[in-house]
Structures are given as structure tokens and as C-alpha cells.
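Colleague: Here's my sequence, what's the structure:
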Amino acid sequence: MKKALLILALGLVTASGAFAQGEIVFANFNSGVNSPVTDTTGARLNAGSGANGFYADLFYGAPGSTDAQLTDLGIAVPFSTGGGAGYFLGGGRTLPGQSGNTELEVRVWQVSAGATWAAATGGGVGTVSTYQGHGGTQWGVSVPITLNLPVAPTPSPDMTGLASFQLTPTVVPEPTTLALGGLGAAALLLFRRRK
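Modeller: From the prediction side, this is the model:
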């Protein structure tokens, strides 16, 4: 009987670990975190409408994951306005199937390009051409951080270690610019061979 109870207890512990859901406070301004996000000109992002508004989403996975391996939490948290511009305050979030050491990354896009990261960029790491087709002109991705995420009822940690970042323009070079660059590279290779 004792053996059966021990096996049952071990089974429950293993099952609860498999379904563990880590917790995080998804905000770039909180206790120990002050990491505003800026656009390509250095202005802090806000929750305006159209091309002037921005959303943030959280991506997560095992430490050392590539951008393509991270899971999209699928949220669209708007940035604050006025004195809070540059900050998103998404509150406590649960990461399904993830706890313990977790790699976290914030991705930011324009409201006018889509209601979610996937809708705006095509999902995953996103493609510039899809994003531009939806009217996006700038987007950004934070440097990943790794945190030890507890399971409730342990209090959720802040995004300690998240660094400020600036969006980058989503400019795809014109085909003629690429061709000209290719010709220049070929000329340099020929010149080096002659020496």
C-alpha cells in the first residue's frame, strides 16, 4: 500500500511539473525595471492610433532558444501616453507550459500594421515584406533576458534585466541598389585578384 501511495505521489508531482505555468509581470516599468522603448527618431512610443500607435508582445521559451523557437504569448499590450510614453504595463501574465529558467523577448510593432504580431508580420520572427505590405515602417525586438519563473502562488517576478531598445526601420533595399552593390563587390574581387 505504501508503495502504491508513493508511486501515486510521484506521478502527481511529475504531472504537475509538466503542466506548470510560469508567471511574469509583463511591464517595462516596475520595481527595478525602467526600460523605455523609442522609435527610429528616439521619441518614446505611445498608444496613439494609426501609424503613431504601438503594441508590445511577449515571446518565451527555453534558455538559448533562437528567435524562431520562441513561443508567442499572443497579446497586444498598448504603450502608455503622455508622461508614460515609452512604457507598456501588461500586468501579470501566465506562460502556458513554461516555468523555471525561461528566455523572454519583447517584440514591438505599429498598431496600423495589425492587431497582433502574427497579423502584422506573418508570425514567428516575421517578414519585412509582410509587415511593409500591412503599412509597417518600423519595428523592434528586445535583447533576450533569462529569468527563473515561479509557479503560482509564488509572486510573479518583474522583467529585471530588460534593456531599453530603439525600433529599426523596415526598409528593404531597392533591386537597383542591390544590383549596384553586387557590381561593386564583384569589382573589388577582380581588383584584389589582379594584385
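
Colleague: How about Gln132: what's its closest non-neighbour residue?
Modeller: In this structure, Gln132 finds its nearest non-sequential neighbour in Thr170, 5.7 Å apart by CB to CB, 6 or more residues apart in numbering. Bear in mind the C-beta positions are built from the backbone N, C-alpha and C, glycine included.

Colleague: ok, the one you found - how many residues close by?
Modeller: 21 (other CB atoms under 10 Å).

Colleague: Verify the stated contact: it with Trp139.
Modeller: Yes. Between Thr170 and Trp139 there is a contact at 6.0 Å, judged by CB atoms under 8 Å.

Colleague: if I look at the residue nearest to Gln132, how far off is Asp57?
Modeller: To Asp57, Thr170 is 16 Å away according to CB to CB, to the nearest Å.

Colleague: on that earlier part again, how about the residue nearest to Gln132, what does it touch?
Modeller: 128, 131-132, 136-139 (CB atoms under 8 Å, 6 or more residues apart in numbering).

Colleague: Give me the subset of the residues you listed that lies in strands.
Modeller: 138-139 (DSSP state E).

Colleague: so which of the contacts of Thr170 comes closest to Gly90?
Modeller: Trp139 (17.9 Å; CB to CB).

Colleague: in the chain, what spans have low per-residue confidence?
Modeller: The chain contains residues with pLDDT under 70 at 1-19, 49-51, 172-195.

Colleague: where do the strands sit along it?
Modeller: Under DSSP E, the chain gives strands at 22-27, 29-30, 33-34, 37-38, 54-61, 71-72, 77-78, 89-95, 100-110, 138-141, 145-149, 165-166, 168-169.

Colleague: Quick check: which of these has the most neighbours on average?
Modeller: strand 54-61 (a mean of 24; mean count of other CB atoms under 10 Å).

Colleague: Now find how far off-centre that one is within its chain.
Modeller: Distance of strand 54-61 from the chain centroid (CA atoms, centre = their mean, to the nearest Å) equals 4 Å.

Colleague: Would you list the strands that that strand pairs with, along with their directions?
Modeller: When pairing is defined by DSSP bridges, strand 54-61 lines up against strand 71-72 (antiparallel), strand 77-78 (antiparallel), strand 100-110 (antiparallel).

Colleague: Throw these into CSV and include distance to Arg44, thanks.
Modeller: What follows is the strands paired with strand 54-61, written out as CSV (distance: least, CB to CB, whole Å):
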stretch, distance to Arg44
strand 71-72, 24
strand 77-78, 13
strand 100-110, 12
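
Colleague: So which of these is nearest Ile24?
Modeller: Ile24 lies closest, by CB to CB, to one member of the strands paired with strand 54-61: strand 100-110, at 6.9 Å.

Colleague: Hmm, Asp72 and Val118 touching each other?
Modeller: One correction, residue 118 is Ala, not Val. Yes. If you go by CB under 8 Å, Ala118 and Asp72 touch, sitting 6.5 Å apart.
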